[in-house]
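Student: Build me a model from this:
(one chain, ligands or ions: 1)
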Amino acid sequence: MSIDELLTEEEITLREKVQDFVKWVPRGLLLDMDADKIKYPMEFIREAGKRNLLGLRFDKKWGGLGLPWSSEIVALEEVGLLGTSLGCLYSLFSIVGEAIHVFGTEEQKQRFLIPMLKGEIGVAEGLTEPRGGSDFFAATTKATRKSNMFYLNGQKRFVVGAEGAGLLLVYAKVEGIDDPKKAMTAFLVERSSPGIKIEHVYGLMGTRGGGTGRLVFNDAAVPVENVLGGESGIGTGTSVFHQMMVPERLTSAGAAVGMARGSFEVAARYADKRKAFGRKIRAFEAVSAKISESLTLLDASRAINHLAAKTANAPVPAGQIRQMVSEAKKFSTKSAWKIVNLAMQIMGGIGYTNIYPIEKMLRDIRLITIWTGTNEIMDLVIQHEFYKEFLSKDMKSRNIEYDAEGANLPDEKIYNDEE
Ligand SMILES: Cc1cc2nc3c(=O)[nH]c(=O)nc-3n(C[C@H](O)[C@H](O)[C@H](O)COP(=O)(O)OP(=O)(O)OC[C@H]3O[C@@H](n4cnc5c(N)ncnc54)[C@H](O)[C@@H]3O)c2cc1C
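Tutor: Numbers count the residues shown, from 1 in each chain. Presented below is the predicted three-dimensional model:
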């Protein structure tokens, strides 16, 4: 049984549409992006919008397709074949779109979500700051209110689309509110607003061509109507952040499978053609074991991603969704890194050259274990959410602790918990 048995007919058709779109992407665009000749590939976004492939989960009313998460996972695997940069630019519509779809006012959905999903404006998100990304609530960007305007001061770094996106979703703390979680607010900032400057565009190991930069806000004026959710959205940034972390991490998990699959398939074909010692190299156990290991990891990643996708759409506590999504992000990105490395090893020296795309994918993929929350942060979330639920529930199944021969010797069960 392959993962296809779990998909609906609609999802198989969607996959074909996404495959057509992914095949449309000119090879020259990929090469120019990797050569840093492109600042922001707006043509890619326009084409995705034209084909109605952006924001698949959002209501048809706003230009989405009203599909479940499992469908987006199917689409992401195909988009992942294009590498991290285009995968990210595609996913940003799901991430920023989620924030606007769930928390935005009707007017904000009209003004921003509709043109976004048509591929008319590019989007970016500013969470990370120079002083730290993992510790999100330590962010120091401030928003000061004067009448009906907020003035943003601070910096955001590593913003993909810093150079080319027309709309930025930026988090800042509203001055005058002491509790950082209550002060955190999401702003829809138009790139053309005065007071926004790019101070640095980063030279990256991979994931190039998206214009990843550091943005400086110097009294950047944002009207109150651009607070996500309007006046009542002030101070709701913590909820927005938690909601956005679902697409943030699930898109990384979904696209990781595509990146790994693409590299694996190149290596699998090579192993069937290349000969050494008079035999196809795939006849050697050390090579065929790498093929088997990669296939197993690919299917395990698909399975965990689909489980996380089902959980994300289920009426379950938010903590359960956070746990599953974090497990999927950690497992799929870690597996993808391993699979691309195995692909390079299978190919020998030529895999390290630009004759094949494995070296580019390896450079790209290194990032996905780091961004959208590092995999160390995923570990923190996973165990935290597990304990919260585990310790609060009565066990329904057999507790094997009491099956041990010495189970009823309390003097031997010492926990050092006395005061
Ligand atoms: C190319 C690129 C594109 C990016 N795109 C965006 C974007 O578009 N928008 C955006 O907002 N951000 C973006 N990021 C930022 C990215 O999400 C952060 O880099 C990431 O979350 C880590 O934050 P940091 O770099 O500040 O590392 P730090 O938070 O300084 O972490 C450094 C190390 O310490 C570890 N660490 C930190 N805290 C803990 C802890 N409590 N327990 C265990 N280990 C810990 C981390 O795992 C890591 O290994 C991008 C980054 C890159 C490189």
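Student: what ranges do the helices span in the stretch 101-250 of the chain?
Tutor: With DSSP state H, counting those that start in this stretch as the definition, the stretch 101-250 of the chain shows helices at residue ranges 106-108, 114-117, 180-183, 237-273.
Student: will you turn the ones you listed into TSV that also has mean pLDDT?
Tutor: Rendered in TSV, the data for the helices of the stretch 101-250 of the chain read as follows (pLDDT from 0 to 100):
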stretch	mean pLDDT
helix 106-108	98
helix 114-117	98
helix 180-183	91
helix 237-273	98
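Student: In the protein, what residue comes closest to the ligand?
Tutor: Gly133 (2.4 Å; Cβ to the nearest ligand atom). For glycine as for every other residue, the C-beta is placed from the backbone atoms N, C-alpha and C.
Student: Out of the helices of the stretch 101-250 of the chain, which one sits most buried?
Tutor: Between the helices of the stretch 101-250 of the chain, helix 237-273 has the highest mean count of neighbours, a mean of 23, where neighbours are mean count of other Cβ atoms under 10 Å.
Student: Secondary structure class of Arg15, three-state.
Tutor: For Arg15, the reduced secondary structure class is helix; criterion used: DSSP: H, G, I helix; E, B strand; the rest coil.
Student: With adjacent residues omitted, what lies nearest to it?
Tutor: The shortest distance from Arg15 to any non-neighbouring residue, by Cβ to Cβ, 6 or more residues apart in numbering, is to Val74 (5.1 Å).
Student: Show me the contact partners of the strand or helix carrying the one you found.
Tutor: Assignment of secondary structure by DSSP states H and E places Val74 within helix 69-79. For helix 69-79, contacts defined as Cβ atoms under 8 Å, 6 or more residues apart in numbering pick out 6-8, 10-11, 14-15, 18-19, 21-22, 53, 56-57, 65, 86-87, 90-91, 94, 250-251, 253-255, 257-258, 261, 302, 305-306, 308-310, 312-313.
Student: likewise stretch 139-146?
Tutor: Under Cβ under 8 Å, 6+ apart, the answer for stretch 139-146 is 126-127, 129, 131, 150-156, 170-176, 180, 184-185, 187, 217, 222, 224.
Student: do stretch 11-29 as well
Tutor: Where contact means Cβ under 8 Å, 6+ apart, the residues beyond stretch 11-29 that reach it are 4, 7, 38, 41, 43-44, 47-48, 51, 53, 56, 67, 70-71, 74-75, 78-79, 81-82, 86.
Student: quick one: low-confidence parts of this protein?
Tutor: Applying pLDDT under 70 to the chain picks out residues 1, 419.
Student: Pull up the residues of it that are close to the ligand.
Tutor: Where proximity means Cβ under 6 Å from any ligand atom, the interface of the chain facing the ligand comprises 124-128, 132-134, 158-160, 204, 207, 212, 367, 370-374, 376-377, 380.
Student: End to end on stretch 381-398, go ahead and measure it.
Tutor: Length of stretch 381-398, first residue to last, Cα to Cα, to the nearest Å: 27 Å.
Student: can you list contacts of it?
Tutor: Residues lying outside stretch 381-398 but in contact with it, judged by Cβ under 8 Å, 6+ apart, are 317, 319-320, 322-323, 326-327, 330, 373.
Student: Now find how far off-centre that stretch is within its chain.
Tutor: Centroid separation between stretch 381-398 and its chain, computed with Cα atoms, centre = their mean, to the nearest Å, is 26 Å.
Student: Equivalent analysis for stretch 346-365, please.
Tutor: For stretch 346-365, the separation from the chain centroid amounts to 23 Å (computed by Cα atoms, centre = their mean).
Student: same deal with stretch 412-419?
Tutor: Going by Cα atoms, centre = their mean, where stretch 412-419 is centred and where its chain is centred differ by 43 Å.
Student: Over to stretch 316-324?
Tutor: For stretch 316-324, the distance from its own C-alpha centre to the chain's C-alpha centre is 17 Å (Cα atoms, centre = their mean).
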